[in-house]
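>>> What follows is a predicted structure for the sequence shown.
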Amino acid sequence: MVWKIGDLAIEGAAILAPMSGFTSKGYRDFIQPFGVSLSFTEMASDMGIIHGGRRTAEYIELNNNGLTGVQLFGNDPNELSEAAGIIADNNPDVALIDINMGCPVSKVVRNDAGSYLMRDPKRCGEIIRKVRSRIDIPVTAKIRLGWSDTEMNFMDVIDELQSAEVDMISLHVRTKKEGYAGKPHYEYAEGLRKRMSVPLVISGNIYSLDDAISAMNISGADAVMIARGGVGNPFLVTQVDRYFRTGERLPNPTVRQQAEWCIQLMESLSRNMDEDTLIRKMRCYAPKFIAGCHGCREHRLKLATMTDSRESLIRMLDSIVEKMGDVHIGDR
């Protein structure tokens, strides 16, 4: 399947979400071959870009292959436009610029950025117009249903974004107040794509192929955005990609396969971070690779608490594979 964001051809239905603390260059390099059609960087501050912050520069470093969009956050149309221009002028391989209008985290919202922007739909449109006037690559936006269940104005925001000629909209079907908790409200997105003039990417609790199929069927979206559901379960990307290309349902991977991919992720991350940071990251990642199988709770705890070197992680994974290597991971 091929669809377009502006003039940019997107081949496939599995998009990697921008996730703070997760979608580093090393992570994107690792997961790209599983079938990601478009990746997003961790969100970067517009002012960090403008002032040349070292940490911000690391956030927007592109992965080695595949289309990559840079996500920016901020609240001022002029500053966001300036930051977008700096990125586009200095990074010719950037596929698009995405404006974060959905992050619910307090440190972002209290600066009138992220999902706070949705309280002012006209400003959302103004931001898109200003950024579009500065760069020649597609400009997209990521939004939520609204601020709260009494302030659910996503259609007003969508109308303003479309009026500003946004090239694509990603919708996470929760409100700011809900954060990432509770059941996502796909009922509000029923048939949404038919009411829109631009592509729609749908997001919220995509943890299995069935979740992705349901989200696409309800909303009519062009693609799904895989976020936390793909952390430790990279084969979900392959399952989604294959199903929407051919209709084939691939079985879930075995513990043996998951262990191999966990080591591959460690190797990919190691190219862009020091050893101490790598081990801290792997204490977070590794347990997720064996989540969803019977009797794995004890092993997950050990991976989270006893990983103190690459060698110790490999030893523990080898031991797990020896005990349950051919067990298939259950749906999560």
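Right, received. Where do you want to start?
>>> Show me where the stretch 151-300 of the chain has its helices.
154-163, 209-219, 235-246, 255-270, 275-289, 297-306 (DSSP state H, counting those that start in this stretch).
>>> Any buried residues in the fifth one, and which?
So that's helix 275-289. 278-279, 281-283, 285-289 (16 or more other CB atoms under 10 Å). (Each C-beta comes from the backbone N, C-alpha and C, glycine too.)
>>> Contacts for that helix, please.
Residues from elsewhere that reach helix 275-289 (CB atoms under 8 Å, 6 or more residues apart in numbering): 231-233, 258-259, 261-262, 265-266, 269-270, 273, 300-301, 303-305, 307-310, 313, 317.
>>> among those residues, which ones are buried?
231-233, 258-259, 261-262, 265-266, 269-270, 273, 300, 303, 307, 310, 313, 317.
>>> Where does pLDDT dip in the stretch 1-150 of the chain?
By pLDDT under 70, the stretch 1-150 of the chain has no low-scoring segment.
>>> Could I get the full set of helices for it?
Under DSSP H, counting those that start in this stretch, the stretch 1-150 of the chain gives helices at 25-31, 46-50, 54-59, 77-90, 106-109, 121-134.
>>> Quick check: which of those is nearest to Lys177?
Of all the helices of the stretch 1-150 of the chain, it is helix 106-109 that lies closest to Lys177, at 10.6 Å by CB to CB.
>>> For that closest one, what is the distance to the chain centroid?
When distances are taken as CA atoms, centre = their mean, to the nearest Å, helix 106-109 is centred 18 Å away from the chain's centroid.
>>> Dump the C-alpha coordinates for that helix into PDB.
The C-alpha coordinates for helix 106-109 follow below in PDB (Å, rounded to 0.1, in the frame of the first residue of the first chain):
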ATOM      1  CA  SER A 106       3.500  18.800  32.600                       C
ATOM      2  CA  LYS A 107       6.900  20.300  31.800                       C
ATOM      3  CA  VAL A 108       5.800  20.800  28.100                       C
ATOM      4  CA  VAL A 109       2.200  21.900  28.800                       C
END
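>>> Other residues contacting it?
Here helix 106-109 has contacts from 73, 100, 103, 114-116, 176, using CB under 8 Å, 6+ apart.
>>> Just those: which are in strands?
Using DSSP state E, the subset of the contacts of helix 106-109 located in strands is 73, 100.
>>> of all the contacts of helix 106-109, which comes closest to Pro138?
Nearest to Pro138 among the contacts of helix 106-109, with distances taken as CB to CB, is Asn100, at 15.5 Å.
>>> Kindly state the beta-bridge partners for that closest one.
Applying DSSP bridges to Asn100 yields these beta-bridge partners: Lys142.
>>> And for Ser170?
The partner residues for Ser170, given DSSP bridges, come to Lys142, Val201.
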